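In: coords below, sequence missing:
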Ligand code: ADP
């Protein structure tokens, strides 16, 4: 590859590709980090939701205590007025089974049973007394909490009623005597009737929440495919510690959600990178083409100068000799005239080629299409060139197919193309000097072929030789003069005729250029 192209390639690589790769690597490595951050944020959110459910249950229990306290402030527990109020309260809250109000020792007990619940009888006073004795630690703690202004509601493991959960809390003192309340509640109905409202409001459409222990599993907002095993975060219910509160995303896990995002981001980065790399390749290719073209153009200028200089100096040298009358014999003079004439026509040929090419480039070349007999055209070329070729030591033969249909073409342009091919066959046949001009018809196409036994064209150059200014620069070829325009003109002429040039060649063994004309257009 050309040095300049290499330099540009390396700069592109350093300035664009390298930073791009660093950026991609950083982005991809930070994807994992982002994944963790998002997961943490989600977990915190789930945590906060469970916290708010717990807080709500405490608030509810706190409001119950408030109700009992306000009744006690008006009427002592034993009075019928108190009983009435409490009965209503229990009716409103079916998840409360029993309320027991007592002092800290379990004496002076008042029991209120919810109508439709198992009854705790007065005769159970012994059990109640035991309950207070067993939980004296908790009672003392509640008392201390209250002194420091914290009204705690304490869940107690011990069950006074089978199947119920127990809450214990301090009530306002009556006549300076501390009163405690033991509240037995039906956990399941508390969850279903009271907690459900809050849970459904925080879960919205996004989350599924479960409240469960080993026997009971209650799902809120949970699709059938989700089980308690799927919960992402699990916390104990503060008021009912034997129950767990669990939460998870309704659709898929957080991991899969985050993974999905990560994969999408990853694909996006990858696609962007590929697009950028593709863009870079296109830019590089264009630059490479331009640099090569610039190189080729400068070669062209030096080639053409060289091509023009040789005939010009020959013409001027022989003309000067003749002018000075130094040539004595008629024979020599005749020979010099011939050289001047042939060099002039060579000059004309080169100038014509360049003019033709510049016309083609400017899109100004016009073709005069008429009926052309390819055999007549070939014969004309043979007649004009036979002597010239034979004098150069070429064996020039021709094979013309009988009764060829005529084609529609610009005869002059096609002759020019054939002459360019013959010129090349002459220039690039160094040892075996044989040229065959052939016409024929194959696959519905009329062709005229120029075949030589010259140096041939290597496979890698077979396409390139039709590009403008392109010349094969290896081997002996740099000695052969040329402009790199001959085949470009041939190809253009054939394109303008809707035909094509085909080339068969073997390096070292010769080449065959065929001009193929479509017949179906001619009818
Ligand atoms: P020029 O002959 O002026 O260099 P052309 O466009 O006619 O330009 O040809 C381009 C290149 O193709 C030539 O430089 C030569 O290397 C190669 N070429 C063309 N014709 C032949 C041929 N008959 N045999 C071998 N090489 C050829």
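Out: Nice, I can see it. The structure displayed is predicted, hence computed values, not measured ones.
In: How about the contacts made by the residue in the stretch 251-400 of the chain that the ligand sits nearest to?
Out: Here the stretch 251-400 of the chain gets closest to the ligand at one residue, residue 303, 7.5 Å apart by Cβ to the nearest ligand atom. (Each C-beta comes from the backbone N, C-alpha and C, glycine too.) Residue 303 makes contact with 471, 481, 482, 483, 484, according to Cβ atoms under 8 Å, 6 or more residues apart in numbering.
In: Now tabulate the residues you listed in a markdown table and tack on pLDDT and secondary structure.
Out: Below are the contacts of residue 303 laid out as a markdown table (pLDDT from 0 to 100; DSSP: H, G, I helix; E, B strand; the rest coil):
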| residue | pLDDT | secondary structure |
| --- | --- | --- |
| 471 | 85 | coil |
| 481 | 74 | coil |
| 482 | 79 | coil |
| 483 | 81 | coil |
| 484 | 85 | coil |
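In: and these, which two are the farthest apart?
Out: 481 and 484 (10.7 Å; Cβ to Cβ).
In: Show me which of the two is the more surrounded one.
Out: residue 484 (20 against 16; other Cβ atoms under 10 Å).
In: Secondary structure element holding residue 274?
Out: helix 254-323 (DSSP states H and E).
In: centre of the chain versus that helix, how much separation?
Out: Relative to its chain's centre, helix 254-323 lies at 27 Å (Cα atoms, centre = their mean, to the nearest Å).
In: After that helix, which helix or strand is next? Please name it.
Out: Following helix 254-323 toward the C-terminus (DSSP H and E): helix 330-361.
In: just to revisit the earlier point, could you list which of the contacts of residue 303 also contact the ligand?
Out: Filtering the contacts of residue 303 for proximity to the ligand by Cβ under 6 Å from any ligand atom leaves 471, 482, 483, 484.
In: Where do the helices of the stretch 1-150 of the chain begin and end?
Out: 3-12, 18-74, 80-92, 125-134, 136-147 (DSSP state H, counting those that start in this stretch).
In: which of the contacts of residue 303 lies closest to the ligand?
Out: Taking those together and measuring to the ligand by Cβ to the nearest ligand atom, the closest member is residue 482, at 2.4 Å.
In: what's the closest non-adjacent residue to that closest one?
Out: Closest residue to residue 482 apart from its sequence neighbours, by Cβ to Cβ, 6 or more residues apart in numbering: residue 471 at 5.7 Å.
In: dump the residue contacts of that neighbour.
Out: 299, 303, 477, 482, 484.
In: Now the helix or strand hosting residue 495: buried residues?
Out: Per DSSP H and E: residue 495 is located in helix 486-496. Using 16 or more other Cβ atoms under 10 Å as the test for burial, helix 486-496 gives 486, 487, 488, 489, 490, 491, 492, 493, 494, 496.
In: Out of those, the closest to residue 366 would be?
Out: residue 496 (9.6 Å).
In: how close does that closest one sit to residue 24?
Out: 49 Å (Cβ to Cβ, to the nearest Å).
In: got it, and residue 215?
Out: In terms of Cβ to Cβ, residue 215 sits 54 Å off from residue 24.
In: and the two? which has more neighbours close in?
Out: Using other Cβ under 10 Å as the criterion, residue 215 and residue 24 rank with residue 24 on top: 15 against 7.
In: Enumerate the residues of the protein near the ligand.
Out: Within the chain, the positions adjacent to the ligand are 424-425, 427-428, 452, 454-457, 465, 470-472, 477, 482-488, 511 by Cβ under 6 Å from any ligand atom.
In: In PyMOL, how would I select just the buried ones from those?
Out: Those of these that count as buried under 16+ other Cβ under 10 Å are selected in PyMOL with:
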select buried, resi 424+425+427+428+452+454+455+456+457+465+470+471+472+482+483+484+485+486+487+488+511
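In: before we move on, the earlier item: tell me which of the helices of the stretch 1-150 of the chain lies nearest to residue 281.
Out: Per Cβ to Cβ, nearest to residue 281 of the helices of the stretch 1-150 of the chain: helix 3-12, 9.6 Å.
In: I'd like the distance from the residue at minimal distance from the centre of the chain to residue 283, if you could.
Out: Geometric centre of the chain, nearest residue: residue 271, 1.8 Å, by Cα atoms, centre = their mean. Shown here: residue 271 relative to residue 283, a distance of 19 Å by Cβ to Cβ.
In: and what of residue 389?
Out: 48 Å.
In: between the two, which one's more packed in?
Out: The residue with more neighbours, out of residue 389 and residue 283, is residue 389; 17 against 13, by other Cβ under 10 Å.
In: give me the number of residues near the residue nearest to residue 236 when sequence neighbours are not counted?
Out: Nearest non-adjacent residue to residue 236, counting by Cβ to Cβ, 6+ apart: residue 244, 6.1 Å away. Neighbour count of residue 244, defined by other Cβ under 10 Å: 19.
In: For residue 244, give me its contacts.
Out: 210, 211, 212, 213, 234, 235, 236, 237.
In: Can you name the residues bridging to the fifth one?
Out: In this structure, residue 234 has the following beta-bridge partners (DSSP bridges): residue 246.
In: For it, list the residues it contacts.
Out: Taking Cβ under 8 Å, 6+ apart, one finds 244, 245, 246 in contact with residue 234.
In: Let me know how buried the nearest residue to residue 367 once chain neighbours are set aside is, in neighbour terms.
Out: Closest residue to residue 367 apart from its sequence neighbours, by Cβ to Cβ, 6+ apart: residue 410 at 4.0 Å. Using other Cβ under 10 Å, the number of residues around residue 410 comes to 19.
In: Tell me how far residue 410 lies from residue 439.
Out: Distance from residue 410 to residue 439, by Cβ to Cβ: 17 Å.
In: what does residue 6 give?
Out: Residue 6 is 48 Å from residue 439, by Cβ to Cβ.
In: Those two: which is more packed in?
Out: residue 439 (21 against 12).
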